[in-house]
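Visitor: Next comes the sequence, and after it the predicted model I'd like to discuss.
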Amino acid sequence: MTMLGVNVDHVATLRNARGGTEPDPLTAALIAELAGADSIVCHLREDRRHIRDRDVQLLRETLKTSLQLEMSAHPELVKLALAVRPAEVMLVPERRAELTTEGGVDCVRNRTSLEPVIKQLLNAEIEVSVFINAELAQVECAKAMGAGTVELHAGPYAHGNTDAAREVELDRIETAAHAAWEAGLVVHAGHGLNYANIRPLLKRVPVEKVNIGHSIISRAVFCGLANAVREMKALVSGK
Ligand code: PXP
């Protein structure tokens, strides 16, 4: 059964908008856990625009499920990850001017810099997931570098304007997922997933976990976080 990781970055964005202490991403994470989230994701960006170092530490100390720390391979962030020791680090590319993560890590092009970071994290018994575009070369390279999990970029599927465009992207995700499974990798998917597009994706490609943030926090504004997580959990688990 597919698991649900809930990303709490957008709660931190709202907190930071007023420079105060609320809403607290830690409280959000605990409510999400109680409502059925299987893990919590937070993205520590180099500019700290939403999640801050202290949030990561508090999440690590408090969660009952597990913390997936999303970050670039910047040395300062790697140092922090080694100190905090989340269950898993998800490596993503980072461009300071981007609104959100724009694409997968180019493992092939960045292998020389990524591979030592992956080894360091694995040696510290932190699981490593690499966020990649749904391409065979990226799957193969992630495997060769030692990552145990790939998260397939669902953005092109989520943003497809027509049924035909979404079908093409589902085909790509399906092909990449099967290659990853054959290579012995765990497969996650994320980015742009919402209450409308999650079932068609999981019917075609029943990945082990989906990581979802924006659509859940957006719905929470109107119907409460626990309800928003419960509704998504029901869709993800096919109930
Ligand atoms: N997975 C990755 C790698 C991401 O960068 C993000 C966005 O932070 C997500 C999942 C969650 O995406 P969304 O907020 O669109 O659900």
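Guide: Sure, I can see it.

Visitor: ok, how many other residues are close to the closest residue to Leu77 other than its chain neighbours?
Guide: The spatially closest residue to Leu77, leaving aside those adjacent along the chain, is Met71, at 4.4 Å (CB to CB, 6 or more residues apart in numbering). For the C-beta atoms, the positions are set from N, CA and C on the backbone; glycine is no exception. Other residues within reach of Met71 by the criterion other CB atoms under 10 Å amount to 23.

Visitor: beta partners for Met71?
Guide: Legend: beta-bridge partners of Met71 under DSSP bridges are Leu91.

Visitor: list the helices and strands the lengthiest helix in the chain packs on?
Guide: The helix spanning the most residues in the chain, taking DSSP state H as the definition, is helix 163-182. With contacts taken as 3 or more CB pairs under 8 Å, 6 or more residues apart in numbering; DSSP states H and E, helix 163-182 sits against helix 136-145, strand 149-153, helix 155-158, strand 186-190, helix 198-204.

Visitor: Return the most buried member of these.
Guide: Comparing the helices and strands packed on helix 163-182 by mean neighbour count (mean count of other CB atoms under 10 Å), strand 149-153 comes out on top with a mean of 28.

Visitor: Using PDB, write out every CA atom in that strand.
Guide: Written as PDB, here are the backbone C-alpha positions of strand 149-153 (Å, rounded to 0.1, in the frame of the first residue of the first chain):
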ATOM      1  CA  THR A 149      15.300   5.400  -3.200                       C
ATOM      2  CA  VAL A 150      14.400   7.600  -6.200                       C
ATOM      3  CA  GLU A 151      11.700  10.100  -6.000                       C
ATOM      4  CA  LEU A 152      10.200  10.500  -9.500                       C
ATOM      5  CA  HIS A 153       9.300  14.100 -10.400                       C
END
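
Visitor: Check which helices and strands that strand sits against.
Guide: Taking 3+ CB pairs under 8 Å, 6+ apart as the contact definition, the neighbouring helices and strands of strand 149-153 are strand 88-91, strand 127-132, helix 136-145, helix 163-182, strand 186-190.

Visitor: give the contact list for Arg85.
Guide: Arg85 makes contacts with Arg60, Ala124, Glu125, Ile126, as judged by CB atoms under 8 Å, 6 or more residues apart in numbering.

Visitor: So which of these are in helices?
Guide: Secondary structure assignment (DSSP H) places Arg60 from the contacts of Arg85 within helices.

Visitor: buried subset of the contacts of Arg85?
Guide: Arg60, Ile126 (16 or more other CB atoms under 10 Å).

Visitor: could the contacts of Arg85 be laid out in JSON lines, adding distance to Ala144 and pLDDT?
Guide: What follows is those, written out as JSON lines (distance: CB to CB, whole Å; pLDDT from 0 to 100):
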{"residue": "Arg60", "distance to Ala144": "29", "pLDDT": "97"}
{"residue": "Ala124", "distance to Ala144": "20", "pLDDT": "98"}
{"residue": "Glu125", "distance to Ala144": "21", "pLDDT": "97"}
{"residue": "Ile126", "distance to Ala144": "19", "pLDDT": "98"}
